[in-house]
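Novice: fold the following.
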Amino acid sequence: MTSTELLYSDPLAAATQAAKEIADRTGVASHDVALVMGSGWVSAADALGAPAYECNADELTGFLPPAVEGHSGKVRSYELVENGKKIRALVFLGRTHLYEGKGMEPVVHGVRTAVKAGCKVVILTNACGGINTKYKVGQPVLIRDHISLTAASPLSGATFIDLTDLYSKRIRAIVKQEDSSLEEGVYVHWRGPTYETPAEILMMRTMGADLVGMSTVPEAIAAHALGAEVLGISLVTNAAAGVTGEKLNHEEVIAAGKAAADRMGALLSSTIPKLI
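Specialist: Residues are numbered from 1 along each chain as shown. Down below sits the predicted model:
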């Protein structure tokens, strides 16, 4: 059976195998925290320093090559030390999106692998459109809750998971101690790949949404279902459709992400050792 066949036939077995490969390659039996870096966020990972190990994700069981600009398709292992305490961080530079048409399994394979590799905390970052008009381009916002407009879940069967504290209150409190200016918002998962229409954004705002993007929610659910705590951070890279009257484009998303990379990298670097 090929790596891809295993992913689709037995996703948890594929994640377990990929986790074993990471342990063998890095020499680290267990990692503590995982980060998934969204569009434009890749350079923020550099603030963590030099990785102890790096490889192409598609060298590992179940991972597919990157298909979106701004996602490098690398997996890194870091050793972070603060006050003599060692934290092992597993960083995924990019992700697979639902709009790529490859099914749900590749979308959540990274976070499932991370949890199987020992990660108790999963940090999900993304680039998003700002629905809330008080948000500025380049502003990071902690995800407090979400609204799924995809009707897609990574879970199947009679698997009933409580999502009341999906985006961990404990972790959000720690992050806000590091940066008290951070706001919290409700994120809408939109399948894409088209951006939303102005009428759809008006609908989302009426529903109570602050942010909209094409990732994160399935990963958050999959990680939470396996017992990990989840932190979601959205970077507002553009005003959502109809907010300013300007057209939307992916180049704008990448540019805004890179411009905010230093702040985001510093925040992650200072926060991660306090989460475990």
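Novice: can you give me the strands for the chain?
Specialist: Counting by DSSP state E, the segments of the chain that form strands are 33-37, 53-56, 74-82, 85-93, 121-130, 140-148, 183-189, 211-213, 229-239.
Novice: and those strands as CSV, adding distance to A173 and mean pLDDT?
Specialist: (C-beta placed from N, C-alpha, C; glycine too.) Compiled in CSV, those are given as follows (distance: least, C-beta to C-beta, whole Å; pLDDT from 0 to 100):
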stretch, distance to A173, mean pLDDT
strand 33-37, 16, 96
strand 53-56, 32, 96
strand 74-82, 18, 91
strand 85-93, 19, 93
strand 121-130, 14, 94
strand 140-148, 10, 97
strand 183-189, 11, 98
strand 211-213, 20, 97
strand 229-239, 11, 91
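Novice: want to throw these into CSV with distance to T164?
Specialist: CSV is the format used below for these (distance: least, C-beta to C-beta, whole Å):
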stretch, distance to T164
strand 33-37, 22
strand 53-56, 36
strand 74-82, 30
strand 85-93, 26
strand 121-130, 17
strand 140-148, 9
strand 183-189, 14
strand 211-213, 20
strand 229-239, 12
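Novice: and of those strands, who's closest to I174?
Specialist: strand 229-239 (8.9 Å; C-beta to C-beta).
Novice: by contact count, what packs against that closest one?
Specialist: strand 121-130, strand 140-148, helix 169-178, strand 183-189, strand 211-213, helix 217-225, helix 250-259 (3 or more C-beta pairs under 8 Å, 6 or more residues apart in numbering; DSSP states H and E).
Novice: if we can go back for a sec, quick one, which of the strands of the chain is nearest to S3?
Specialist: strand 53-56 (13.0 Å).
Novice: what lines up beside that closest one in the sheet?
Specialist: Applying DSSP bridges to the sheet, strand 53-56 is found paired with strand 74-82 (antiparallel).
Novice: flag every buried residue along the partner strand.
Specialist: 74-80 (16 or more other C-beta atoms under 10 Å).
Novice: to K102, which of the helices and strands packed on strand 229-239 lies closest?
Specialist: helix 217-225 (12.4 Å).
Novice: what's that closest one in contact with?
Specialist: Residues outside helix 217-225 that contact it (C-beta atoms under 8 Å, 6 or more residues apart in numbering): 36, 95, 98, 104, 107-108, 110-112, 114-115, 122, 124, 143, 146, 148, 150, 152-155, 159, 161, 163, 166-167, 187, 189, 230, 232.
Novice: make JSON lines from the helices and strands packed on strand 229-239 and add mean neighbour count to it.
Specialist: Output for the helices and strands packed on strand 229-239, formatted as JSON lines (neighbours: other C-beta atoms under 10 Å):
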{"stretch": "strand 121-130", "mean neighbour count": "26"}
{"stretch": "strand 140-148", "mean neighbour count": "19"}
{"stretch": "helix 169-178", "mean neighbour count": "15"}
{"stretch": "strand 183-189", "mean neighbour count": "22"}
{"stretch": "strand 211-213", "mean neighbour count": "27"}
{"stretch": "helix 217-225", "mean neighbour count": "25"}
{"stretch": "helix 250-259", "mean neighbour count": "18"}
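Novice: how about these in TSV, adding distance to K85?
Specialist: Putting those into TSV (distance: least, C-beta to C-beta, whole Å) gives the following:
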stretch	distance to K85
strand 121-130	14
strand 140-148	24
helix 169-178	15
strand 183-189	28
strand 211-213	33
helix 217-225	23
helix 250-259	30
